[in-house]
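# Any chance you could fold what I've pasted below:
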Amino acid sequence: MPRQRMAPGEWGKITVKKLGPGRYAASTYIRDEDGRRREVERTGSSEEDARRSLLRHLKNRTTPVSGAVITERTSLSELFEVWMATKDRLKQQSRDDYRRVWNKYGESQLGALRVRELSTSRAERYLANIPVSRAQILRVVLTGMFSTAVRYDLLTVNPIREVTRRRSKAAPVRALTPEEFAVVRSAVQAYRSRPGVSGPRPGRLLLEFIDVMASTGCRPNEVLGLRWCDVDLLGDPPTMTLSGTALDHGRVVGKSVHRQDERKGGAPDHTVILPKLAVEALAGLFGNGTDPEGPVFANRDGGWMSLANLRRSLRAALPDELRWVTPYSFRRTVATVVRDDLGPAEAQAQLSHSKLSTTEQHYFQRQTQGPDVRDTLDRYAGGK
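Just a heads-up that it's a prediction; the model follows:
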């Protein structure tokens, strides 16, 4: 009767031979997943040690692939570079963010490990001991790296998938009341015109920026990415169209503030109708605009303005009780005001979110008083 052929992944009898004093070799033949039969050998200081070493290898073995980019001997440093090479559609600022985090928190701490040596428990312990914001990004990086290893059949499961997603505690969404908004505007006006300041005044365009933000609810960087050709103050109604984003210093390595001709996430252009306050703010800036392709909010050299500088000026201008206000506070305020007056769907459309859940979770101030439903519940209790 012919001998039964081994199935892929099975191995035959293990034999052990002595190589010299205190040195043994265990070997066997295994039929790999590609159907080929190969001899495998491992050594040890005793017969049992060599046998255990071989069995450990056989249980974790993957089929050798000629010219494979990733093998079981690939280090995580090498795997990171292989993964980055596959991310050709990733925006440059995201590539730079990933590389910065890997270089600071991954390269020296994890880079020398081989692909199979980073277990879920080891990754869990390590990510639990670095800052939350960095741990979130590094988890994304490691998940992508090990997904690449899975696609190369080096691993059957991604060990990072079950690592805890760390989240920082989000502060409750807070919208400015009309009275608080008035105080913010007055504080900014006073900061901009304060006496005894020589040289260029900080916050030169801060008030106009705030007025446009509070009138539209647009993202701060998309407002700073406005060009004069995106603004139509003479239309009926007057509008502005968001079609790009101003990227701050350092967002792309080696580049100063510049405009990216694309909105966040590759979203389509978004046109908003301008209320009176925004029209007045933009009309006041119109005399400074000579180039249709030039920035609406231009720095003193005519280039794109830095959000970091505006944020710094806003912090300096605000009284202590309003130090919680940031440029994004005006976006949340617009979302909340529109929801309260026109409903959640209109607020979502104003903010240009593809999902209502995004607007609800991150931009609506929570309602803490229920509606007046006395008539409805009285009818129920009366059996009507």
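
# What residues of the lengthiest helix in the chain count as buried?
Identified as the longest helix of the chain according to DSSP state H is helix 132-151. Buried residues in helix 132-151, counted by 16 or more other CB atoms under 10 Å: 134-149. C-beta coordinates here come from the backbone N, C-alpha and C atoms, glycine included.

# where along the stretch 251-384 of the chain do the helices fall?
Ranges of helices within the stretch 251-384 of the chain are 276-286, 307-317, 327-342, 344-351, 356-362, 374-381, based on DSSP state H, counting those that start in this stretch.

# closest to residue 103 out of those?
helix 307-317 (22.2 Å; CB to CB).

# Can you give me the distance of residue 44 to residue 27?
According to CB to CB, to the nearest Å, residue 44 and residue 27 sit 12 Å apart.

# now swap in residue 104 and tell me
Taking CB to CB, one finds residue 104 at 44 Å from residue 27.

# Name the residue in these two with the higher neighbour count.
Applying other CB atoms under 10 Å to residue 104 and residue 27 shows that residue 27 carries more neighbours, namely 17 against 13.

# right, and that one touches residue 11 too?
No: counting by CB atoms under 8 Å, residue 27 sits too far from residue 11 to count as a contact (10.1 Å).

# what do these two both touch?
residue 40 (CB atoms under 8 Å, 6 or more residues apart in numbering).

# List the contacts of the closest residue to residue 244 other than its chain neighbours.
Spatial nearest neighbour of residue 244, chain neighbours left out: residue 225 (4.2 Å); criterion: CB to CB, 6 or more residues apart in numbering. Residue 225 makes contacts with 242-246, 259-260, 295, 304, as judged by CB under 8 Å, 6+ apart.

# make it 6 Å
Going by CB atoms under 6 Å, 6 or more residues apart in numbering, residue 225 touches 244-246, 259.

# Distance-wise, check it relative to residue 149.
Distance, residue 225 to residue 149, by CB to CB: 38 Å.

# repeat for residue 297
Relative to residue 149, and taking CB to CB, residue 297 is found at 45 Å.

# on that earlier part again, between the contacts of residue 225, which is closest to residue 69?
Nearest member of the contacts of residue 225 to residue 69, counting by CB to CB, is residue 245, at 34.1 Å.

# Isn't the closest one up against residue 224?
No: the criterion here is CB atoms under 6 Å, and residue 245 misses it with residue 224 at 8.1 Å.

# Settle it for me: which of the two has more neighbours?
Set residue 245 next to residue 224 and count neighbours by other CB under 10 Å: residue 224 wins out with 28 against 22.

# Could you find the closest non-adjacent residue to the more buried one?
Residue 224 sits nearest to residue 246 (CB to CB, 6+ apart), 3.9 Å away.

# And for residue 7?
residue 31 (6.9 Å).

# just checking, the one you found touches residue 5?
No: using CB under 6 Å, residue 31 is not in contact with residue 5, being 7.8 Å away.

# More neighbours: these two, which one.
For residue 31 versus residue 5, the count of surrounding residues by other CB under 10 Å is larger for residue 31: 18 against 9.
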